[in-house]
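K.L.:
Give me coordinates for this.
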Amino acid sequence: MFTGLIETLGQVEESGASAPDRLTIATPLGAELRAGDSIAVSGVCLTVVRADGAGFSADISAETRRVTTLGRLSPGQLVNLERPLRADARLGGHFVLGHVDEVGRIAAMRPEGDGYWLDLDVPEAVIPYVIPKGSIAIDGISLTVAALDGRRVGVAIVPFTFAHTTLGTARAGDRVNLEADVLGKYVARLLAEGRAEAGRVTAPAQERR
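P.N.:
Below is the predicted model:
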């Protein structure tokens, strides 16, 4: 379980064609990690297989490469890093599992006041779980939905987030990992099951008529 509050940025050392099943990240945070620990890398929960003061490595499955942006990373790229939430810690963002739903595309990033405005094109499968003023994780960053128009989601980015996450180098056309609010997904599932159960109950009565 994560919060979407990024701890630090890491830099990709090895990935993609040079190491399709292994991702190596340079970060001082490696000194605090151990093999077997979980860590969110740009919103994707991975398991550490090696760690030292220089950084850490994690394995990437074929499924992870298929449904996230991690398989497209190249050496030198920056990634957002967050360790799991401790049970005694404050929850400052929202519940983030590190299980990416879909990959979206940045449509625009423009200055707005002291901060920035991000327009994001979101796949249709994610839209039912997105509501104005609700939460969404973009590359692991907990953000508030400020505008919603069809499949276009607008988010206000404060200067601190812009400076301390990969959004500081984001450009229109970039692909980003998306995770919808898990609470919204549970509510949608319960409502769908309730409608299905109601249909099963009323069907026999209709048939008798």
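
K.L.:
What residues of stretch 139-158 count as buried?
P.N.:
Using 16 or more other CB atoms under 10 Å as the burial criterion, the residues of stretch 139-158 that qualify are 139-143, 145, 148, 153-157. The C-beta positions use only the backbone N, C-alpha and C, and glycine is treated the same way.

K.L.:
what's the farthest-apart pair in these?
P.N.:
Using CB to CB, the two most remote members of these are Gly140 and Leu148, lying 20.9 Å apart.

K.L.:
how about Gly43, what does it touch?
P.N.:
68, 80, 96, 98, 100, 137-141, 177-179 (CB atoms under 8 Å, 6 or more residues apart in numbering).

K.L.:
which residue packs closest to it, ignoring adjacent ones?
P.N.:
Take Gly43 and drop its neighbours on the chain: the residue closest to it by CB to CB, 6 or more residues apart in numbering is Gly140, 3.2 Å away.

K.L.:
Wait, that neighbour touches Gly4, no?
P.N.:
Yes. The pair Gly140 / Gly4 is scored as a contact, 6.3 Å apart, by CB atoms under 8 Å.

K.L.:
In strands only, show me the buried residues of stretch 139-158.
P.N.:
141-143, 145, 148, 153-157 (DSSP state E).

K.L.:
how is this protein carved up into domains?
P.N.:
Taking automatic domain parsing as the reference, the chain has its domains at 8-82, 102-187.

K.L.:
Pipe these into CSV and attach distance to Arg90 and mean pLDDT per row.
P.N.:
Below are the domains of the chain laid out as CSV (distance: least, CB to CB, whole Å; pLDDT from 0 to 100):
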stretch, distance to Arg90, mean pLDDT
domain 8-82, 14, 93
domain 102-187, 13, 96
